[in-house]
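> test case, fold it:
(one chain, ligands or ions: 2)
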Amino acid sequence: MKRGTDVLAAAAVLRAGGLVAFPTETVYGLGADASSDEAVAKIFAAKGRPRAHPLIVHLAPEVVAGAGLDDWAAEVPEAARQLARSAWPGPLTIILARGPRVSLATTGGADTVGLRVPSHPMAQALLRAFGGGVAAPSANRFGAVSPTTADHVAADLGDAVDYLLDGGACDVGVESTIVDLSRGRPVLLRPGGLPRETIEAITGPLTSADATAPAAPGTLASHYAPNAQVIAVPPDEVPAAVAAARGKVCVLAPASAFARWPGLAVHARVLPDDDAGMARELYSALRDLDAAGFDVVIAALPPAAGLGEAVGDRLLRAAGPRTRNES
Ligand code: TXA
Ligand code: MG
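Ligands and ions are numbered 1, 2, ... in the order given. Okay, the predicted model is just below:
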């Protein structure tokens, strides 16, 4: 694996059908040419991910500003155009009918495709230099917590990656919000880096994914699981959870929550109090706690507003049963 900041070298790897890990504002992605079945197959092999799990296609802002969106989506409803105009570049993925340039391997055989225009400057430079769409899931091994630094990627995927673009730590820290606009009324498939409130201001109320929604592995329980057992509870229930826990225990909570438990004798991993700070540090914290060998992580659930909805969602999935789908 090569590692560095040479965007042109990374784009050449994509053109040759190879794999490039790259930073986005949310998490690191593991990218391949979205128009090539062969290149995309390497992503599934590297991650150990089932081939039916669809990948998001990443596009440069210029593609979307021009007429290029129609290459990647077969039908773009007015709501999607509005949302794209106001939220891209940024941490939002829009599900639309699959366009002619999307390889079927990318969508796992589905007739829809997830599209996203990332705001990270290095991601944009890569997409521009490459010119086409880049299919990319989070650059972690299947079932692991998403990577928010280049070191996380190297630890998870190492030699499976041809070029690792190092852009430092990700700013948002949780994956993009996914909204399905391919089926009429807008459906929230995954809360993420763009708050629901921001989207609803444009689309109106989002309904939650239901049984008729396409299978999205990231939306099932036990997705973002570290090795430690995670117990996610409201802040008031943390002391009782600590009293009941056995083994090497750590509490993961914002500073203001710890201030409410003056007598609590326990290892502490302190997160920022603001929802954006919490999101930014969440995955690094979970990886650190695994590395430190904790058996149990008791996490305080934040209020489900703003980025708190995504943080709570990931904590509950990390706490969920380990036997379901993961990506
Ligand atoms: O922030 C992100 O979204 C990151 C960065 C790299 O862009 N990517 C990411 O990809 O989180 P991944 O593959 O780890 O999660 C994408 C989720 C999966 O749960 C997948 O099932 C869902 O998006 N998805 C992708 N295309 C879909 C489609 N056509 N229909 C329904 N769900 C889809
Ligand atoms: Mg993922």
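> for the stretch 1-150 of the chain, just list every one of the strands.
2-4, 20-22, 29-33, 56-58, 92-97, 112-116, 134-136 (DSSP state E, counting those that start in this stretch).
> packing partners for the helix or strand that the last one is followed by?
The one in question is strand 134-136. Going down the chain from strand 134-136, the next helix or strand is helix 150-157, by DSSP states H and E. Contact here means 3 or more C-beta pairs under 8 Å, 6 or more residues apart in numbering; DSSP states H and E; on that basis helix 150-157 packs against strand 20-22, strand 163-165, helix 275-291. Where you see a C-beta, it was placed from the backbone N, CA and C, and this is true even at glycine.
> tell me which of those sits nearest to ligand 1.
With C-beta to the nearest ligand atom, the closest approach to ligand 1 among these belongs to strand 20-22: 8.2 Å.
> each with direction, which strands does the closest one pair with?
strand 29-33 (antiparallel), strand 163-165 (parallel) (DSSP bridges).
> how about CSV for these, with distance to ligand 1 and mean pLDDT added?
Putting the strands paired with strand 20-22 into CSV (distance: least, C-beta to the nearest ligand atom, whole Å; pLDDT from 0 to 100) gives the following:
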stretch, distance to ligand 1, mean pLDDT
strand 29-33, 3, 98
strand 163-165, 12, 98
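> ok, back up a step: and the helices and strands packed on helix 150-157, which is most packed in?
Compared across the helices and strands packed on helix 150-157, strand 20-22 shows the largest average neighbour count, a mean of 28 (mean count of other C-beta atoms under 10 Å).
> so how far is stretch 7-18 off the chain centroid?
The chain centre lies 23 Å from the centre of stretch 7-18; the measure is C-alpha atoms, centre = their mean, to the nearest Å.
> ramachandran coordinates for the residue most central in space within the chain?
Closest to where the C-alpha atoms of the chain average out (C-alpha atoms, centre = their mean) is Glu175, at 2.4 Å. Dihedral pair for Glu175: phi -60, psi 170, per degrees, to the nearest 10.
> report the contact partners of it.
By C-beta atoms under 8 Å, 6 or more residues apart in numbering, Glu175 lies in contact with 26-27, 91, 138, 146, 190, 192-193, 218, 310.
> of these, the lowest pLDDT goes to which?
Least confident of the contacts of Glu175 in the model: Gly218, at 48.
> quick one: the helices in the stretch 151-300 of the chain?
Ranges of helices within the stretch 151-300 of the chain are 196-203, 238-244, 255-258, 275-291, based on DSSP state H, counting those that start in this stretch.
> how about TSV for the ones you listed, with distance to Ala34 and mean pLDDT added?
Shown next, in TSV, are those (distance: least, C-beta to C-beta, whole Å; pLDDT from 0 to 100):
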stretch	distance to Ala34	mean pLDDT
helix 196-203	24	96
helix 238-244	43	96
helix 255-258	42	94
helix 275-291	25	96
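> out of the ones you listed, flag the one nearest ligand 2.
helix 275-291 (10.8 Å; C-beta to the ion).
> give me the angle between that closest one and helix 150-157.
50 degrees (axes from the mean of the first three to the mean of the last three C-alpha atoms, to 10 degrees).
> packing partners of helix 275-291?
helix 150-157, strand 249-254, strand 267-271, helix 308-319.
> what's the shortest one packed up against?
By that I understand strand 267-271. strand 249-254, helix 255-258, helix 275-291.
> just the CA trace of it, in PDB.
Output in PDB follows, covering the C-alpha atoms of strand 267-271 (Å, rounded to 0.1, in the frame of the first residue of the first chain):
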ATOM      1  CA  HIS A 267     -12.800   4.900  33.900                       C
ATOM      2  CA  ALA A 268     -14.000   7.900  32.000                       C
ATOM      3  CA  ARG A 269     -13.800   8.800  28.300                       C
ATOM      4  CA  VAL A 270     -15.000  12.300  28.100                       C
ATOM      5  CA  LEU A 271     -16.700  13.600  24.900                       C
END
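> could I get the strands paired with strand 20-22 as JSON lines with distance to Ile231?
Below are these laid out as JSON lines (distance: least, C-beta to C-beta, whole Å):
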{"stretch": "strand 29-33", "distance to Ile231": "30"}
{"stretch": "strand 163-165", "distance to Ile231": "34"}
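> of all those, which one comes closest to ligand 2?
Nearest of the strands paired with strand 20-22 (C-beta to the ion): strand 29-33, 9.1 Å.
> does any part of the closest one sit near ligand 2?
No. If you take C-beta under 5 Å from the ion as the test, strand 29-33 misses ligand 2, and the best it gets is 9.1 Å.
> could you check the angle strand 112-116 makes with that strand?
120 degrees.
> show me what contacts Gly108?
51-55.
> those, buried ones only, as a ChimeraX selection?
Only the buried entries of those go into this ChimeraX selection, using 16 or more other C-beta atoms under 10 Å:
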select :53,54,55
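> out of the contacts of Gly108, which is nearest to Pro239?
His53 (39.0 Å; C-beta to C-beta).
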